[in-house]
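>>> Just need the structure, nothing else, for what follows:
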Amino acid sequence: MSNSIFTKDGTAQGVAKQRLIETLAESDVRIINDPYADRFVIGKSVIKLMGHKLNVWLAQKFAPGFHEHLISRTRFIDDLIKKSAAGGVEQYVILGAGYDMRGHRLELPSSLKIFEVDQLEVQTKKRSRLPKELPNSENVTYVTVDFTRQSLTQQLMDAGFDQSKSTVFTLEGVSQYITKEAVSSTIEEIAKLTQKARSIFFMSYVDELLNENPDACFGKGYPKAATRVKLIKKLSAKAGEPWISFYSFGEIESLLSQNDYSIKECVTLKDLNSQYFAPVGRTLTENQLFNLEHFVVAKSKRRFYSH
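Numbering: from 1, shown residues only. Here you go, the predicted model:
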């Protein structure tokens, strides 16, 4: 596997910032709640002072739907993990965990074993900022991987991963930053790791049309789509995390199928707008839909039988 699959923490901080902003919303309109997000955000005091509405308004000026896109991705995975755990999944592996706090902020069953996989540098930063008392801490295991000399499979196994137990894996907001070879080898390794049990795999990917026809990745009437795409990519590259990989649905479907996975869901903000934002009176109009990234849920095709 490529040694570049988990990079710096710039994007992790950016997503944590959006989680903090959403957490500031009134509880009756809030999409997600992350009481730990502020521990990883630079300038958190100013953000809190500004409040939810002003911060979201500023995000709309930068790129309409940008905040809602990231928050809906977070909520979508939250729901997937809770549903999977309720359905009997026994392990959860967070690939490139960054500042993800699902293991602690969601009320997950004690039977669910959680593995957070990332680089030592990022994990060290994260753990240094955590409170001493955290819910569900006994079920969260940190797995440090140096891909220049260590195997993901071996590190997980050494950390207590059980190949006979059902597992959900998430690769959130990572695929655009790493090579296609790295994504492919990651999925291949996961498939081999879970040959003895059923598994669910989530990944997000950026549509290849972003380079060919940016308008196709946004809602009708979205303002200056191409210009905003260039700005987002420029800022990401400036932070040392350039977008290098883009995919078509067919490419992702083929890649997963080759590793015995079948796609069960593939959604964007357009789909989640009515699911999450409409019920709380925050429906986005068509010209605010930020649909460049797709969220995919796949399940292993292999059949497993209990003894």
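
>>> Next, please give the residue ranges for the helices of this protein.
10-23, 44-62, 66-86, 102-105, 120-128, 152-158, 180-193, 209-212, 225-238, 249-258, 269-272 (DSSP state H).

>>> Out of the ones you listed, flag the one nearest Phe218.
The closest of those to Phe218 is helix 225-238. By CB to CB, the value is 4.7 Å. For every residue, glycine as well, the C-beta is placed using N, CA and C.

>>> Give me the below-cutoff pLDDT ranges for the protein.
1-8, 147-148, 303-307 (pLDDT under 70).

>>> let's see 80
1-11, 146-150, 302-307 (pLDDT under 80).

>>> and the gap between Asp79 and Phe202?
Using CB to CB, to the nearest Å, one gets 11 Å for the distance from Asp79 to Phe202.

>>> and if you look at Ala182?
Distance from Ala182 to Phe202, by CB to CB: 17 Å.

>>> circling back to that earlier point, so for Asp79 and Phe202, which sits in the more crowded spot?
Using other CB atoms under 10 Å as the criterion, Asp79 and Phe202 rank with Phe202 on top: 21 against 14.

>>> Report the contact partners of the nearest residue in space to the more buried one that is not next to it in sequence.
Closest residue to Phe202 apart from its sequence neighbours, by CB to CB, 6 or more residues apart in numbering: Thr170 at 4.4 Å. Thr170 is in contact with 77, 80-81, 92-95, 201-203, counting by CB atoms under 8 Å, 6 or more residues apart in numbering.

>>> would you turn those residues into TSV with distance to Glu121?
TSV is the format used below for the contacts of Thr170 (distance: CB to CB, whole Å):
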residue	distance to Glu121
Ile77	24
Leu80	28
Ile81	26
Tyr92	23
Val93	20
Ile94	17
Leu95	16
Phe201	26
Phe202	25
Met203	23
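
>>> and which of these is nearest Asp28?
Out of these, the member with the shortest distance to Asp28 (by CB to CB) is Ile77, at 22.5 Å.
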